[in-house]
Each structure stands twice: as structure tokens, then as C-alpha cells.
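Participant: 3D model of this:
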Amino acid sequence: MLSVDIGGRQVAAEPEMSGEYLTLDYWGRASRMEVVNGPWAGEFSRLLGRSVALARSVVAGGVVFGASVTIATTSSLRRLARESGIAVDERRFRSTFTIDTGDAAAHVEDSWAGRELELGGARLLVKGGVPRCAVIDLDPDTGARGTSLLKTLAGYRLDAGEILFGVYAEVIRAGNVTRGDQARLPPTPATH
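Facilitator: Below is the predicted model:
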């Protein structure tokens, strides 16, 4: 079952593979996809005001997995800028949220794994680090390759073969989040 909440209305059905195939450009690489039948394409088309198709990669790993919520922090972005010697556009990481962590240590978000995070009217459960790939070296406006940020990150963030930057999170209470909303880690319950 695939379920999507659009404007407070749930659109749910069992996905059906259509047998219709598309070859799409995925960050400069051709990726073969099969169109999925169901109510979602029509709903997203109305919401976005353009034609949308839902598709699934034919080849495992053909597209990169992304959780529903990802978080980066300003302190981690500053560290990467310092290490790389260039200004780092936060859009390279395609994060759902970038949280201003002020003077906190770089990669403070790593310590949030397993904790709840209140962000605006939403509550999230932080899961763990986001493995990164060469997509971060592509310009978010043009798609042109032009940095070596992944190599720089690997120099100080390589962990068990993964280059981590930012964290995944799961929504445990939906709510509105607006630019400038406060992020808060509620106290963890004491254990005895």
C-alpha cells in the first residue's frame, strides 16, 4: 500500500506496475523507470500544476534512496566550507531542513540520533547519518560538476565505508514548519 497525505486528505492504493517504461535523466545518468499506476500522479499533477508521473527504478540502485526528512546544520556546512576552502551552497545536500546551530560544534546533529526533535509544529525522530554520493559535487542550478566536496568530506567524515553528512528523520507528529521556526530537542527521560 502506498499512502500520501495531500492537504490533509489521504490518497492510498496498492501500486500497480504499468508496463510503460521511461528513460529519465538522473543527475546526468540515464535511468530506466517503469510508470506506476494509481491515484498519486493525478493528485500530484493537480497540486503542482503540471503533469507528474510516479515511476519506480527498474534497476536496484538506479536512483539514490532518500528518507522523507533529512536535516543539515549550519555548523556542519561551515566546517565543510572551511575544509574545502569554498563557499558551500546548502542546496547541494537536498535537505528538507537546514537548522541554524549557531556556534555549536560541526556535525552536532550526529548526537541527535535516537532523539526526538521539535521543529515548528512537527515532531521528528532523528534516525542517523545520511550517506552522500557525488551528487553533492554537481551545481544545483546547472547540474555541472565543479567541486570536490565529496572527496573533502571523505577526508574527515568516512565511517565504515560511508561518507556521512546530515541526518535522516522520521515524522512522528505532523505539523506546519515555517522558515525561522525554532528547533528544540526535548529533554531525554532519565533512566534508573
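Participant: Every contact and neighbour count from this point should use C-alpha atoms.
Facilitator: Fine.
Participant: Return the helix or strand in this protein with minimum mean pLDDT.
Facilitator: The least trusted helix or strand in the chain, going by mean pLDDT, DSSP states H and E, turns out to be strand 2-6, with a mean of 81.
Participant: now that strand: how far from the chain's centre is it?
Facilitator: Mean-position distance between strand 2-6 and its chain equals 18 Å (Cα atoms, centre = their mean, to the nearest Å).
Participant: got a list of contacts for the following helix or strand past that strand?
Facilitator: Proceeding N to C from strand 2-6, the next assigned helix or strand is strand 9-13, under DSSP states H and E. Applying Cα atoms under 8 Å, 6 or more residues apart in numbering, the external contacts of strand 9-13 come out as 1, 2, 3, 4, 5, 38, 39, 40.
Participant: got the angle for strand 9-13 vs strand 2-6?
Facilitator: Interaxial angle of strand 9-13 relative to strand 2-6 (axes from the mean of the first three to the mean of the last three Cα atoms, to 10 degrees): 160 degrees.
Participant: Could you pick out the buried ones from the contacts of strand 9-13?
Facilitator: 38, 39, 40 (16 or more other Cα atoms under 10 Å).
Participant: Find the helix or strand that the nearest residue to residue 98 once chain neighbours are set aside is a member of.
Facilitator: Once flanking residues are discounted, residue 98 sits nearest to residue 72: 4.7 Å by Cα to Cα, 6 or more residues apart in numbering. Taking DSSP H and E as the criterion, residue 72 maps to strand 69-73.
Participant: What strands line up against that strand, and which way round?
Facilitator: strand 97-99 (parallel), strand 162-173 (antiparallel) (DSSP bridges).
Participant: Would you mark the buried spots in stretch 45-56?
Facilitator: 54, 55, 56.
Participant: what residues are up against the second one?
Facilitator: For residue 55, the contacting residues are 33, 34, 35, 36, taking Cα under 8 Å, 6+ apart as the criterion.
Participant: which strand residues sit across from it in the sheet?
Facilitator: residue 35.
Participant: distance of it from residue 9?
Facilitator: 22 Å (Cα to Cα, to the nearest Å).
Participant: now the last one
Facilitator: The gap separating residue 56 from residue 9 is 24 Å, by Cα to Cα.
Participant: so what's residue 70 closest to, chain neighbours aside?
Facilitator: residue 168 (4.5 Å).
Participant: returning to what we had before: closest to residue 44 out of the strands paired with strand 69-73?
Facilitator: strand 162-173 (20.5 Å; Cα to Cα).
Participant: List the neighbours of the following helix or strand past that closest one that are in contact with it.
Facilitator: Downstream of strand 162-173, the first helix or strand assigned by DSSP H and E is strand 183-184. The contact list for strand 183-184, computed with Cα under 8 Å, 6+ apart, reads 99, 117, 118, 119, 120.
Participant: ok, so of the residues you listed, who is nearest residue 144?
Facilitator: residue 99 (26.7 Å).
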